[in-house]
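S.K.: next comes the sequence, and after it the predicted model I'd like to discuss.
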Amino acid sequence: MLVSVQLQTDLVPRNEFASVRTTIGGAVQVEPVGDVDSYLDPVPVAELRAAVGTIRIRMELLDASDRLVAERLLIADVRTDTALIVFISASCRDVHCTGPDETCIQGLCTVATAICDGH
């Protein structure tokens, strides 16, 4: 199954992050920000294959030296080709959640489970 992922963030490309790394299972795709001026509206950043069932999607915003700026984890149960929008808030910059299923949402660590029905 194909999982298409878009990024939406209030962080500023090229100024606050230089690339987007998306991981689903063992599949990884890195996308430089290129000519994109803003991610306030969702921007496609990855298309990766995944098995049907519960998947973990990790999106990481990296600076020009490949250091982590901010990240978001989604745990989703998917059954068909799926499109997801991942929002990473500037308030999650430098927030590192320690639980295996935790992610930063609006500056706070919370459970990463998402409801996704493939539409």
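M.R.: Everything's here; your move. Nothing here was measured: the structure is a model prediction, and the numbers come from that model.

S.K.: tell me the mean pLDDT for stretch 112-119?
M.R.: Across stretch 112-119, the average pLDDT comes to 55.

S.K.: which parts of the strand or helix carrying Ile57 are buried?
M.R.: According to DSSP states H and E, Ile57 maps onto strand 53-62. With burial defined by 16 or more other C-beta atoms under 10 Å, the residues of strand 53-62 counted as buried are 55, 57-62. Placement of C-beta: from N, CA and C, glycine included.

S.K.: which of the residues you listed has the weakest pLDDT?
M.R.: By predicted confidence (pLDDT), the lowest-ranked of these is Ile55, with 91.

S.K.: wait, isn't that one in contact with Ile24?
M.R.: Yes: with contacts counted by C-beta atoms under 8 Å, Ile55 reaches Ile24, the gap being 5.7 Å.

S.K.: I'd say Ala50 and Ala27 touch.
M.R.: Yes: with contacts counted by C-beta under 8 Å, Ala50 reaches Ala27, the gap being 7.2 Å.

S.K.: of those two, which one has the most company?
M.R.: Neighbour tally, Ala50 and Ala27, criterion other C-beta atoms under 10 Å: the higher count belongs to Ala50, 20 against 13.
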